[in-house]
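*Asks:* Model the following, please.
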Amino acid sequence: MLRDAATGLFVTLVHLRRGSVRVVGGDRLRLGESIGACGDSGSSTQPHVHLQVTDTADMTTTRGLPVLHLDYQEWPSGGGDSVDVTTGVPAERPVVGGAPPRPPLPGA
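*Replies:* Okay, the predicted model is just below:
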């Protein structure tokens, strides 16, 4: 779990590859910095990562918050063709995957 010092929000990443996490408590991260690799833990059929942003670290009382994503593909949960999305908040239960990489942001 990561805490955003500017907003006080918490980001949880689940299913990172065992041994791939490159940060420890107290580290400050920069935009674009790699923190770990996509893994295949749990009962899954392929490597994947779950991302959740919440308002507290207490998983019994926290609220999940929407996350604005950049440059991704979304496949409807009932099947069908993917849609390329430049900026958006994914719908409930779609399959979301990365789009081709963008150039780095200035100062990143």
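*Asks:* Phe10 - how many residues pack around it?
*Replies:* Using other CB atoms under 10 Å, Phe10 has 19 other residues around it. (Glycine included, C-beta is placed from N, CA and C.)
*Asks:* That one and Thr54: what is the separation?
*Replies:* Phe10 sits 5 Å away from Thr54, going by CB to CB, to the nearest Å.
*Asks:* Same check on Arg63?
*Replies:* For Arg63 relative to Thr54 (CB to CB), the value is 6 Å.
*Asks:* Could you check which of these two has the larger neighbour count?
*Replies:* Taking neighbours as other CB under 10 Å, Arg63 and Thr54 compare with Thr54 leading, 17 against 8.
*Asks:* Quick check: bridge partners of the residue most central in space within the chain?
*Replies:* The residue lying closest to the centre of the chain (CA atoms, centre = their mean) is Leu51, at 3.7 Å. On DSSP bridges, the residues paired with Leu51 through beta bridges are Leu13.
*Asks:* Can you name the residues that contact it?
*Replies:* In this structure, Leu51 makes contact with Val11, Thr12, Leu13, Val67, judged by CB atoms under 8 Å, 6 or more residues apart in numbering.
*Asks:* Repeat that for Asp84.
*Replies:* Asp84 is in contact with Tyr72, Gln73, Ala99, counting by CB under 8 Å, 6+ apart.
*Asks:* Right, I'll call it a day here.
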